[in-house]
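*Asks:* Predicted structure and sequence below. I'll ask about it afterward.
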Amino acid sequence: MPTERLYQEDCYLAAFTATVAAVDSDGAVELDRTAFYPGTGGQAHDLGVLNGVPVERVAESEDRVLHWIAEPPGPGQSPKAFVPGQAVHGEVDWDRRFDLMQHHTGQHLLSAVAEDLYGWKTESVHIGTETATIELAVGEIDAAALGELEREANRRIQQNLPVHITTHASPEGLPLRKETACTGPLRVVSIADLDHSACGGTHVRATGEIGSLLCGRLEKIRKNMRLEFACGLRAVHLARRSGQWLHEAAAVFQSGPERIAQLAVAQRDQLAAVSKRLRVLETQAALRAGADARREQVPVDAIHCAVRRVPAGIEDEERAFAQGYCGTEAVSPNRAILLTLAAGTGAFLLCASPDAAFDAKVWLAETGVRFGLKGGGTGAMVSGRLGDPARLPALLNSLPSPVVELPPGTAR
Ligand SMILES: [Zn+2]
């Protein structure tokens, strides 16, 4: 049996009596009539109580409105509080509902103003208890246009324009802003002569009850712009919260809120320059550390082979250390080959002195198949990953001289 939707006749009905029509196997309670909005058309569903039991969710199932109450019973059981034929007293959480009504009517108004001022059509809407948004068919919105949109919407709110809900047999001949797929009967929400939209949601009686409308975050979505907005007390809370964030940020910068963006940009650029300089200094320090480590080794006439273990991946610093170790600035002649191994990740780096007569690329090609190495590089330096760590001792034995173990590298 279709549920009689009391909220469609009277959006301000917060308490009502009804009779339980059925209780579904999953605990959903169907009433013969209800003031609970089931959450369609982008507007969130209502909460409240039925005979004092909290309603957790309300949804539409074809022409029925179903209410899920707290603590659903086991499979196949009816909720003990509700049986078919029983009389119930329902109360809608009015603060939550009125906030949603303000936002839903605010959305109609904002959509109308956006289209009348700029020709931006509304593609989709979301009226939630945390955020409300409209998706406008426009690729970009600048601050001036956003300000004008907000100003005009608030001007219409101040005019306290009446909001009427009427029912029609068909959409034929109606001045609807957007075409509807509904053939009838049709519920039309009108804001004076400003807007006429087919809608099944709940709305306030006059635009003055929207209170205020604050445009918030803008976000690119597909080819459109999604605009967040807040009405009534939610707008006041949002403005209060945003002001608090600005105040806190201004305190960090020891400046007025109007200079935060300028100071933040300056500090970001300064940080980028310092970071770049730091990377240069770290590379220079690693080159020197590599050269120093090489000089600590007892000179040998033959090729000198060493292994150095580092904790994480092979970073730029390890490359610089290896270049310092194998460079001619360290000792001359050098004839060093350094294998750097990253514990855990299996990453490796092999660097050879120019005077070692050792082609790292050829070494990688020849040993790669035998020891499961994958990687690439130049004749002076190759890097990659060990396929099988168990073959590492055999890999070290394949180097031209016995391998000296260097003190391990430290994590940054
Ligand atoms: Zn609506």
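*Replies:* Okay, I see it.
*Asks:* contacting residues around the nearest residue to residue 333 once chain neighbours are set aside?
*Replies:* Excluding the flanking residues, the one nearest residue 333 by Cβ to Cβ, 6 or more residues apart in numbering is residue 355, at 5.1 Å. Bear in mind the C-beta positions are built from the backbone N, C-alpha and C, glycine included. The contact partners of residue 355, by Cβ atoms under 8 Å, 6 or more residues apart in numbering, come to 328, 332-335.
*Asks:* Next up, the contacts around whichever residue of the stretch 301-412 of the chain sits closest to the ion.
*Replies:* Closest to the ion within the stretch 301-412 of the chain is residue 313: 55.0 Å, counting by Cβ to the ion. Residue 313 makes contacts with 342, 345, 347, as judged by Cβ under 8 Å, 6+ apart.
*Asks:* my guess is the last one meets residue 384, correct?
*Replies:* Yes - the pair formed by residue 347 and residue 384 meets the contact definition of Cβ atoms under 8 Å, at 7.4 Å.
*Asks:* re the thing from before, can you list which of the contacts of residue 313 are found in helices?
*Replies:* With helices defined by DSSP state H, no entry of the contacts of residue 313 lies inside them.
*Asks:* Up against the ion, what does the stretch 101-250 of the chain have?
*Replies:* Contact residues, the stretch 101-250 of the chain versus the ion (Cβ under 5 Å from the ion): 104, 199, 201.
*Asks:* from the residues you listed, which is closest to residue 260?
*Replies:* residue 104 (34.3 Å; Cβ to Cβ).
*Asks:* how close does that closest one sit to residue 231?
*Replies:* Distance from residue 104 to residue 231, counting by Cβ to Cβ, to the nearest Å: 9 Å.
*Asks:* between the two, who's got more neighbours?
*Replies:* residue 231 (30 against 27; other Cβ atoms under 10 Å).
*Asks:* and that one, what does it touch?
*Replies:* Residue 231 neighbours (Cβ under 8 Å, 6+ apart): 99, 102-103, 105-106, 132, 210-214.
*Asks:* Kindly recompute the last result at 6 Å.
*Replies:* For residue 231, the contact set (Cβ atoms under 6 Å, 6 or more residues apart in numbering) comprises 102-103, 106, 210-211, 213.
*Asks:* So of those, which two are at opposite extremes in space?
*Replies:* 103 and 211 (10.4 Å).
*Asks:* Comparing the two, which residue is more hemmed in?
*Replies:* Set residue 103 next to residue 211 and count neighbours by other Cβ under 10 Å: residue 103 wins out with 29 against 18.
*Asks:* Which of the helices or strands spans the more buried one?
*Replies:* According to DSSP states H and E, residue 103 maps onto helix 94-118.
*Asks:* Taking helix 94-118 as reference, get the angle to the following helix or strand past that helix.
*Replies:* Per DSSP H and E, the first helix or strand lying C-terminal to helix 94-118 is strand 122-127. Strand 122-127 and helix 94-118 meet at an angle of 160 degrees, taking axes from the mean of the first three to the mean of the last three Cα atoms, to 10 degrees as the criterion.
*Asks:* just use 19 as the starting number from now, easier for me
*Replies:* Shifting the count to begin at 19 puts that one at strand 140-145.
*Asks:* list the buried ones in strand 140-145?
*Replies:* Under the neighbour-count criterion of 16 or more other Cβ atoms under 10 Å, strand 140-145 has 140-141, 143-145 buried.
*Asks:* Kindly report the same for stretch 303-323.
*Replies:* 304-305, 307-309, 311-312, 321-323.
*Asks:* what two of these have the greatest distance between them?
*Replies:* 304 and 321, at 23.2 Å, using Cβ to Cβ across the buried residues of stretch 303-323.
*Asks:* Count residues in the vicinity of the residue of the chain found nearest the ion, would you?
*Replies:* Relative to the ion, the nearest point of the chain is residue 217 (3.2 Å; Cβ to the ion). For residue 217, the count of nearby residues is 22 (other Cβ under 10 Å).
*Asks:* isn't it right up against residue 209?
*Replies:* No - using Cβ atoms under 6 Å, residue 217 is not in contact with residue 209, being 11.2 Å away.
*Asks:* Where do the helices of the stretch 119-268 of the chain begin and end?
*Replies:* 161-176, 250-271 (DSSP state H, counting those that start in this stretch).
*Asks:* Model confidence at residue 194, what's the number?
*Replies:* As predicted, residue 194 sits at a pLDDT of 91.
*Asks:* Tabulate the contacts of residue 249 (TSV), appending pLDDT and distance to residue 186.
*Replies:* Converted to TSV, these look like this (pLDDT from 0 to 100; distance: Cβ to Cβ, whole Å):
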residue	pLDDT	distance to residue 186
120	98	25
121	98	25
124	98	24
228	98	25
229	97	30
231	98	28
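*Asks:* Please render those as TSV that adds distance to residue 84 to the earlier fields.
*Replies:* Conversion of these to TSV gives the following (distance: Cβ to Cβ, whole Å):
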residue	distance to residue 84
120	26
121	24
124	28
228	30
229	32
231	33
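*Asks:* Show me which of those is closest to residue 192.
*Replies:* Among those, and counting by Cβ to Cβ, the member closest to residue 192 is residue 124, at 22.6 Å.
*Asks:* one step back: include distance to residue 63 and pLDDT when you put the residues of the stretch 119-268 of the chain next to the ion into CSV, please.
*Replies:* Formatted as CSV, these follow (distance: Cβ to Cβ, whole Å; pLDDT from 0 to 100):
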residue, distance to residue 63, pLDDT
122, 13, 97
217, 16, 92
219, 11, 93
